[in-house]
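A.B. asks: What follows is a predicted structure for the sequence shown.
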Amino acid sequence: MTTSPDGEHDSHDIVAPGPQSPRSELAVAALLVAAAVSAIAFIVVYSLEKFSTQHELLGITLAASFAFVAAALLLFGERVLPSEEVAEDYPEAAAPMEQEEVAKVMEESTSGITRKRLLVGAGGTAGGAIGLAALTPALSMGPWIDVAPLYRTPWRPGRRLVDDKGKPYKAEEIEQETFYTAFPEGSSDRNLGASLVVVRVDPAALRLPPERAGWAPEGILAFSKICPHAACTVAIYQKPTYGPTQPGPALVCPCHYSTFDPAKGGEVLFGPAGRPLPQLPLTVDAGREIRAGGNFSDAIGPSWWGIEMEEPH
Amino acid sequence: MIRRTVNFLDSRTGAVPFLRKSLRYIFPDHWSFLLGEIAMYAFIVLVATGVYLTLFFEPSLAETTYTGSYKPLQGLAMSEAYRSAVELSFDIPSGLLMRQTHHWASNIFVAAILMHLLRVFFTGAFRKPREITWVIGLLMLFATLLEGYLGYSMIDDLLSGIGLAIGYGVALSLPVVGANLTLGLWGGPFPGDPAFESRMYVAHVFLLPILIGTLMAGHLALVASRHHAQFKATKRATERKLVGMPAFPAQVPRSLALMFATVAVLFLLGGLVQINPIWQWGPFEVSQGTNGAQPDWYLGWLIGSLRLVPGFDVTIGDYTLIPNPFWGGALFPLVVMAVLGAWPWLERRFGGVRGFHNILDRPRDVPGRTAFGFAFFTWVALIFLAGSADRATVFFGLDYESQVVFFRGAVIVAPIVAFFVTRRICRELKRGEEIGVDKERAEEEAEEEAQEAEREKEPAPA
Ligand code: FES
């Protein structure tokens, strides 16, 4: 039951008398008129062609109309309507009688059943099977089972490296201290395994693993542009900044700053990547054009449970 | 007139007893109780502006050429999704206002939920009988983060692409089912099937909003059913008696004023303060990266955690079990959610506090919880800060690698320090108060004694 704190006002009234302030009532009315004016201003701004995409003016007029209403309401609540503190008991914590009744209804209505376990089991089976059936159409979304597409890349031995306009790269065009983005000739670049970063290092500085001898003709190296951490693009070629671990220029992914050493076949120097940047073997043909010598050293893109570290296809 | 209407309503709906109760429903008075309301009003703005945006946004990856009025993009190939989002920003009257207001509202929505969460945590409002309300609130927060992420991911600009790539990497890293789940949802290796856009769209404009709305309704229904918890602001406020302002006449106009004020602020921000200038990022291409675009701040803690984890995959020989992004991108947020979600029960089990609680704690009165909370949120906040380490490199020239090394140590040390320091401060504050109270009491007693002595001295009238 609601009670007034001090019982000052007439006990028949539920609400204590208000503050009685005709001046405030006028102010509230004025604020509401201001709100209307602002709203109309918004409509006008919107309909005048030279202003209609002026989001500043639109925002200010619309915001003003809401702000005036807010002020009016505040004033109305504080100065015109009565406001007094009241007190009330918190609701009962629980209803033990009803709890008991619910339990009884459930117990008594099922007490005659002799094969409870069987029925529960059958019900569970039906529910589970129907649930599975309801989910089955979602299988159309996937490939859910076959993860082979994750290994696919468009690179094949002899495929030319081209730039974003489709022009083949020549060995001479690749200079040191800068990096190039290359694509497989005649393939869509929306494939995660398509794009490459190409850099040139001093052949004397190369420290490739022995089985990759000959992968970097003239010191030209190609790597997947997709970070093996979480699929961002390796978009920075950084001068050495961190002496102890970074002897030469490094490839960096700007998302979480995995840093890879091109001279060492993409080995991780720093950052969260758990494996090296996959390298693509290169050859330079008689016409000095750069071609793929095969497929990547490892699967490209982020890893997953059960990924096999072998040449993709 | 009023009586006639009430009678009309009551005889046809029987709703008037309920209405009477609602009118006199009591709201205890404290500014911090308004944070949740701000979130609710921001949500209303999100729905309203969001509906407007759907009238113009085309969620399709079909390729087209931009011919709108923004010069730098003219003639560029892009998806219908990005084209329509740019058109909405430049060529549709009030389109940019609505888009920016929508984005601002999402930021304020998350911020208000977080502040509300902190308030509820540190005052112990989550205790029995309000644990379910707390858990629902947490679910709402996480649904909201996903909703926000999808919101800027559907636009198909470069920022979307980067965010989605990372989401793809984290999804792939989930134990056992990662590859299957990811290929299933995306419909193929990243960037996936064009239908992935439709999947994000229906999640963003229908599934998640419905979920959030339903959770919000449940949250509010539970609050109303158990009534608000209150601070012990007056003597009359007790565990059994709630003291505050009735819904009407006192609270309704105030709350509505707050609603209109929230809307006003959001439209003002949407009109005046640029947010996510999508036209600057350009269309998404798999082979392009940038480090100029930043995701919304509320995903910063995940970026930080992804960055701080040292580089390793869990492998057995050549067989990979758990790739690196799992730790920072999936496990970390799950741990945060699980700890917060389990907290009411942890506190009951180990703090030994049982029974009903309608009176809120002052943080200092519960040094254990307050200290744990400070330690925990320090941990999360530091990881969040680490997410902007690269900004610090750009703006202050701090060496990135050293920062990461520093943060890796700090996220372990700082929470421990925060725990003990906070506990100490709470205890000192309390002791200070007790001394104060003792002193007052002593002074009172001294005064009384003096008076008594005086009385005794007065010689009895002869
Ligand atoms: S995606 Fe490259 S470092 Fe995380």
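C.D. replies: Alright, I've got the coordinates.

A.B. asks: can we go C-alpha only for contacts and neighbour counts from here?
C.D. replies: Noted.

A.B. asks: what distance separates whichever strand or helix holds residue A:100 from the centre of its chain?
C.D. replies: Here residue A:100 sits within helix A:96-110, counting by DSSP states H and E. Taking CA atoms, centre = their mean, to the nearest Å, one finds helix A:96-110 lying 48 Å from the centre of the chain it belongs to.

A.B. asks: Can you identify the element that follows it toward the C-terminus?
C.D. replies: By DSSP H and E, the next helix or strand past helix A:96-110 is helix A:116-135.

A.B. asks: mean confidence score for the helix or strand that that next one is followed by?
C.D. replies: Scanning forward in sequence from helix A:116-135 by DSSP H and E, the next helix or strand is strand A:161-162. Averaging pLDDT along strand A:161-162 gives 94.

A.B. asks: outside of strand A:161-162, which residues touch it?
C.D. replies: A:168, A:169, A:182, A:183, A:184, A:185, A:290, A:291, A:292 (CA atoms under 8 Å, 6 or more residues apart in numbering or on different chains).

A.B. asks: can you give me the strands for the stretch 1-150 of chain B?
C.D. replies: For the stretch 1-150 of chain B, the strands defined by DSSP state E, counting those that start in this stretch cover B:26-27, B:63-65, B:77-79.

A.B. asks: who does the first one pair up with?
C.D. replies: Right, strand B:26-27. Applying DSSP bridges, strand B:26-27 is found paired with strand B:241-246 (antiparallel).

A.B. asks: report the angle between the axes of the next helix or strand after the partner strand and strand B:241-246?
C.D. replies: Later in the chain than strand B:241-246, the nearest helix or strand by DSSP H and E is helix B:252-272. Angle of helix B:252-272 versus strand B:241-246, following axes from the mean of the first three to the mean of the last three CA atoms, to 10 degrees, is 60 degrees.

A.B. asks: Say whether chain A is contacted by helix B:252-272.
C.D. replies: Yes - under the criterion of CA under 8 Å from any CA of the partner chain, chain A is reached by helix B:252-272 at B:253-254, B:256-261, B:263-272.

A.B. asks: Now residue B:98. Nearest residue, chain neighbours left out?
C.D. replies: Spatial nearest neighbour of residue B:98, excluding adjacent residues (CA to CA, 6 or more residues apart in numbering or on different chains): residue B:49 at 5.7 Å.

A.B. asks: of the contacts of strand A:161-162, closest to the ligand?
C.D. replies: Closest approach between these and the ligand, by CA to the nearest ligand atom: residue A:182, at 18.6 Å.

A.B. asks: Kindly state the beta-bridge partners for residue B:320.
C.D. replies: Counting by DSSP bridges, the residues bridging with residue B:320 are residue B:315.

A.B. asks: need the contact list for it.
C.D. replies: A:303, A:304, A:305, A:306, A:307, A:308, B:313, B:314.

A.B. asks: among those, which ones are buried?
C.D. replies: Buried by 16 or more other CA atoms under 10 Å in any protein chain shown: A:303, A:304, A:305, A:306, A:307, B:313, out of the contacts of residue B:320.

A.B. asks: and the gap between residue A:26 and residue A:20?
C.D. replies: Distance, residue A:26 to residue A:20, using CA to CA, to the nearest Å: 12 Å.

A.B. asks: Could you do residue A:107 as well?
C.D. replies: Distance, residue A:107 to residue A:20, by CA to CA: 60 Å.

A.B. asks: For chain B, name the helix or strand with the lowest mean pLDDT.
C.D. replies: helix B:389-396 (a mean of 79; mean pLDDT, DSSP states H and E).

A.B. asks: who's in contact with that helix?
C.D. replies: Contacts for helix B:389-396 (CA under 8 Å, 6+ apart): B:398, B:399, B:400, B:403, B:404.

A.B. asks: rerun that using 10 Å as the cut-off
C.D. replies: A:254-257, B:291-292, B:294, B:304, B:307, B:383, B:385-386, B:397-404, B:407 (CA atoms under 10 Å, 6 or more residues apart in numbering or on different chains).

A.B. asks: Check which helices and strands the helix or strand that that helix is followed by sits against.
C.D. replies: Next helix or strand after helix B:389-396 toward the C-terminus (DSSP H and E): helix B:400-457. Counting contacts by 3 or more CA pairs under 10 Å, 6 or more residues apart in numbering or on different chains; DSSP states H and E, helix B:400-457 packs against helix B:300-308, helix B:367-386, helix B:389-396.

A.B. asks: can you do 6 Å?
C.D. replies: For helix B:400-457, the packing partners by 3 or more CA pairs under 6 Å, 6 or more residues apart in numbering or on different chains; DSSP states H and E come out as helix B:367-386.

A.B. asks: Restricting to C-alpha, output the helix it packs on in CSV.
C.D. replies: Extracted in CSV, the C-alpha atoms of helix B:367-386 (Å, rounded to 0.1, in the frame of the first residue of the first chain):
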residue,chain,number,x,y,z
PRO,B,367,36.2,-4.6,-0.2
GLY,B,368,36.5,-8.1,-1.6
ARG,B,369,34.1,-7.6,-4.5
THR,B,370,35.3,-4.1,-5.2
ALA,B,371,38.9,-5.1,-5.3
PHE,B,372,38.1,-8.1,-7.5
GLY,B,373,36.1,-5.8,-9.8
PHE,B,374,38.8,-3.3,-10.1
ALA,B,375,41.4,-6.0,-10.8
PHE,B,376,39.2,-7.6,-13.4
PHE,B,377,38.2,-4.4,-15.2
THR,B,378,41.8,-3.2,-15.0
TRP,B,379,42.8,-6.3,-16.9
VAL,B,380,40.2,-5.8,-19.6
ALA,B,381,40.9,-2.1,-19.8
LEU,B,382,44.7,-2.7,-20.3
ILE,B,383,44.0,-5.2,-23.0
PHE,B,384,41.7,-2.6,-24.6
LEU,B,385,44.5,0.0,-24.4
ALA,B,386,46.9,-2.4,-26.0
